[in-house]
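Trainee: Take a look and give me a structure for this.
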Amino acid sequence: MAEGLFDPKGLIRDAFAIDGISAAECRSIFLDWALGVPEGSNTQAELGKLIAHYGPQMPANHPMMQTMQAGLAPAAGPRRRGGRKARVADDR
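Mentor: The predicted structure is shown next:
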């Protein structure tokens, strides 16, 4: 089956088959899928294949479809969260 190329464990397929699955459960399953993508692979491209495969078959409002769509969004850059340097004035 073609889905084996981009969903080797069938995690995404199984998530779509679970009745009443929550968004939190879908995020957990998606993380497991993402961690299983082989190093050096283009995760965005693999995710695109999943969406192209399941998109026509599944409702757009399914929590897994929404999770996968969110996965295509660019990641936010790192932000400084504070620390001593942000709290203490430089008195040099």
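Trainee: In terms of pLDDT, where does R79 sit?
Mentor: In the predicted model, R79 carries a pLDDT score of 75.
Trainee: residues near it, how many?
Mentor: 6 (other CB atoms under 10 Å). Just so you know, the C-beta spots here come from the backbone N, C-alpha and C atoms, and that holds for glycine as well.
Trainee: do the same with R13
Mentor: R13 has 16 nearby residues by other CB under 10 Å.
Trainee: Pull the distance from the helix or strand where it lies to the chain's centre.
Mentor: Assigned by DSSP states H and E, R13 belongs to helix 11-17. For helix 11-17, the separation from the chain centroid amounts to 14 Å (computed by CA atoms, centre = their mean, to the nearest Å).
Trainee: other SSEs contacting that helix?
Mentor: helix 23-35, helix 43-54, helix 63-72 (3 or more CB pairs under 8 Å, 6 or more residues apart in numbering; DSSP states H and E).
Trainee: Tabulate the ones you listed (a markdown table), appending mean pLDDT, distance to L11 and mean neighbour count.
Mentor: Formatted as a markdown table, those follow (pLDDT from 0 to 100; distance: least, CB to CB, whole Å; neighbours: other CB atoms under 10 Å):
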| stretch | mean pLDDT | distance to L11 | mean neighbour count |
| --- | --- | --- | --- |
| helix 23-35 | 95 | 5 | 16 |
| helix 43-54 | 92 | 10 | 16 |
| helix 63-72 | 94 | 10 | 18 |
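Trainee: Done for today, thanks.
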